[in-house]
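Trainee: got a sequence here, can you model it:
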Amino acid sequence: MPSVEVDRLQPGVFINLSAYGWMRHPFLLNQFCLSSTKQIQALQEMGIKQVEWDPTRSTAQPLPPQPAGMPAPEPDFGTAALSGMQEEKRQRIERVRQQREGLARRERQFEQDAVTAGDIFRSLAARPQDAHNQARTMVGRLCDSLVGSESMVIHLVNQKSREGGLAFHGLNVMALSLMLGKTLRLPAEEMRHLGLGALIHDIGKQDIPPRVLRAAQRTGPEEEFYRAHIGYGIKAVAALRDLPVQVRNVIACHHERLDGSGFPNRLAGERIPKLARIVAIANRYDNLCNPFDLHEAKAPAEALRQMFRKEGAHFDGPFLQLFIKTLGVYPPGTFVSLSNGDVGMVVETNQSDLLHPLVMLYDRNIPRAEALLVDLADANLSVETALSPSKLPVEMVEYLSPRGRLDYYVEGSKA
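Mentor: Numbers count the residues shown, from 1 in each chain. Next comes the predicted model:
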């Protein structure tokens, strides 16, 4: 980028302060379009003489150079621009700290839930009632945070392991199913049935050999073995006499398809129970985003596009449309290019403002653990386009999504 003297700046000039480091200037971002003389005064108070500017992103040109021999106008320090902006920056840093603590809290909760889910799956055969009580308690806590809340927030969880397993898959499908259930305004009891069914929908896979589960292409016998996980799942919960039929039907029918091409009973249309139709959507989405071979993983937008355009006949159409709408224009895990030229990844969406998610910014000069979190509405930024991670440099993808998995946590919001 070319450089320009600070005294020649005016609102509309797009500048880049990356060379100074984010902590050494009072602005929210390293790259931005000047919007006020106060910002220019702050640069002058810092003693900065020149900055880089981007003609392609500017809406105004720098002022003409001062004629030789003419003294530069004396800066107006009466507005205390630098002091005011530094205070705004301190407040912003505090908000980022709180946001980061919130993400860390949700990640800890997700890890605890994953341990609990693992215990549930392992103990269901030996201690079925204990496992059932554990599952109901966990599902009830999540449902209580959603039922009656004005809105909900969907978070991307940076869990510690690349390996997902049944526990992580069950938690994802549960969160995604409850998200859709919230949008559908299901009553509290139905939400609990939905959450429990989604959590244990694949319980029968514990009896399927890993080589069959992980096979990219299965032989006929292997496919029959794989499909038997439905029967194994029903058998696994047979001892739970008080398990609601709606939950059993989620286990039995989450692979049925609306066009009748699913299994095990080739049910079609509304013969497929409603909660199973919801879980089928969440299950497919998570399987596309988190396959056993992460090299085959779809980006969120790619997964939704495939489900809508290529597999739409498999799912309840209105439910699928609401699922896409609820996840948002830029679902968590989406890599995005912003209006100031930065690249980031969506880590949180709020139903009250889907166009302005919380984004983690890539900055190679800032450690990943301290990566900037920017609320696009707060920063007056917008998403220019969603990006495919396969088209981005490896170091950028590893910085923003070091484990390559997309795990979700959903909770209620008052806003």
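Trainee: okay, CA-based contacts and neighbour counts for the rest of this
Mentor: Noted.
Trainee: okay but S382 is in contact with L376, surely?
Mentor: Yes: counting by Cα atoms under 8 Å, S382 touches L376, with 6.2 Å between them.
Trainee: what do the two both touch?
Mentor: H356 (Cα atoms under 8 Å, 6 or more residues apart in numbering).
Trainee: neighbours around N380, how many?
Mentor: Neighbours of N380 under the rule other Cα atoms under 10 Å: 12.
Trainee: an error on my part: the question was meant for K310.
Mentor: With other Cα under 10 Å as criterion, K310 counts 10.
Trainee: mind listing the helices for the stretch 101-250 of the chain?
Mentor: Ranges of helices within the stretch 101-250 of the chain are 128-146, 165-183, 188-199, 210-214, 220-227, 229-236, 245-253, based on DSSP state H, counting those that start in this stretch.
Trainee: roughly how far apart are V96 and N249?
Mentor: V96 is 43 Å from N249, where distance means Cα to Cα, to the nearest Å.
Trainee: for V359, same thing?
Mentor: For V359, the distance to N249 - Cα to Cα - is 38 Å.
Trainee: these two: which has the busier surroundings?
Mentor: V359 (25 against 18).
Trainee: right, and that one touches A377 too?
Mentor: No: applying Cα under 8 Å, one finds V359 not in contact with A377, separated by 10.7 Å.
Trainee: on that earlier part again, indicate which one of the helices of the stretch 101-250 of the chain is closest to A19.
Mentor: With Cα to Cα as the measure, helix 165-183 is the member of those nearest A19 (40.4 Å).
Trainee: picking that back up, and the helices of the stretch 101-250 of the chain as CSV, adding mean pLDDT?
Mentor: Shown next, in CSV, are the helices of the stretch 101-250 of the chain (pLDDT from 0 to 100):
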stretch, mean pLDDT
helix 128-146, 95
helix 165-183, 95
helix 188-199, 98
helix 210-214, 90
helix 220-227, 95
helix 229-236, 96
helix 245-253, 98
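Trainee: redo these as TSV? Include distance to I324.
Mentor: As requested, these are arranged in TSV below (distance: least, Cα to Cα, whole Å):
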stretch	distance to I324
helix 128-146	19
helix 165-183	9
helix 188-199	18
helix 210-214	27
helix 220-227	27
helix 229-236	27
helix 245-253	21
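Trainee: which of those sits closest to D7?
Mentor: helix 165-183 (51.8 Å).
Trainee: CA atoms only for that closest one - export them in CSV, please.
Mentor: C-alpha atoms of helix 165-183 as CSV (Å, rounded to 0.1, in the frame of the first residue of the first chain):
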residue,chain,number,x,y,z
GLY,A,165,-17.0,-39.8,18.5
LEU,A,166,-20.6,-40.5,19.4
ALA,A,167,-20.7,-38.2,22.4
PHE,A,168,-19.7,-35.1,20.4
HIS,A,169,-22.0,-36.0,17.5
GLY,A,170,-24.9,-36.6,19.9
LEU,A,171,-24.3,-33.2,21.5
ASN,A,172,-24.1,-31.4,18.1
VAL,A,173,-27.3,-33.0,16.8
MET,A,174,-29.0,-32.2,20.1
ALA,A,175,-28.0,-28.5,20.0
LEU,A,176,-28.9,-28.2,16.3
SER,A,177,-32.3,-30.0,16.8
LEU,A,178,-33.2,-27.9,19.8
MET,A,179,-32.2,-24.8,17.8
LEU,A,180,-34.8,-25.8,15.1
GLY,A,181,-37.3,-26.8,17.8
LYS,A,182,-37.0,-23.4,19.4
THR,A,183,-37.7,-21.8,16.0
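Trainee: I'd like to check what contacts that helix. Which residues are they?
Mentor: Against helix 165-183 from outside (Cα under 8 Å, 6+ apart): 113-115, 117-118, 121, 143, 146-147, 152, 191, 194-203, 278-279, 281-283, 286, 319, 322-323, 326, 407-410.
Trainee: of those residues, buried ones?
Mentor: 113-114, 117-118, 121, 143, 146-147, 152, 191, 194-203, 278-279, 281-283, 286, 319, 323, 326, 407-410 (16 or more other Cα atoms under 10 Å).
Trainee: ok, back up a step: so which of the helices of the stretch 101-250 of the chain gets nearest Q61?
Mentor: Of all those, helix 165-183 sits nearest to Q61, with 47.1 Å by Cα to Cα.
Trainee: ok now that closest one, how far from the chain's centre?
Mentor: Counting by Cα atoms, centre = their mean, to the nearest Å, helix 165-183 is centred 13 Å from the centre of its parent chain.
Trainee: pull the contacting residues for L387.
Mentor: Contacts of L387 by Cα under 8 Å, 6+ apart are 334-337.
Trainee: oh sorry, the question was meant for L258
Mentor: Taking Cα under 8 Å, 6+ apart, one finds 267-270, 272, 313-316 in contact with L258.
Trainee: run the last query once more with 10 Å
Mentor: 266-272, 277, 312-317 (Cα atoms under 10 Å, 6 or more residues apart in numbering).
Trainee: who wins on neighbours among these?
Mentor: Ranking the contacts of L258 using other Cα under 10 Å puts R277 first, with 26 neighbours.
Trainee: OK, contacts around that one?
Mentor: Here R277 is in contact with 177, 250, 253-258, 269-271, 314-316, 319-320 (Cα under 10 Å, 6+ apart).
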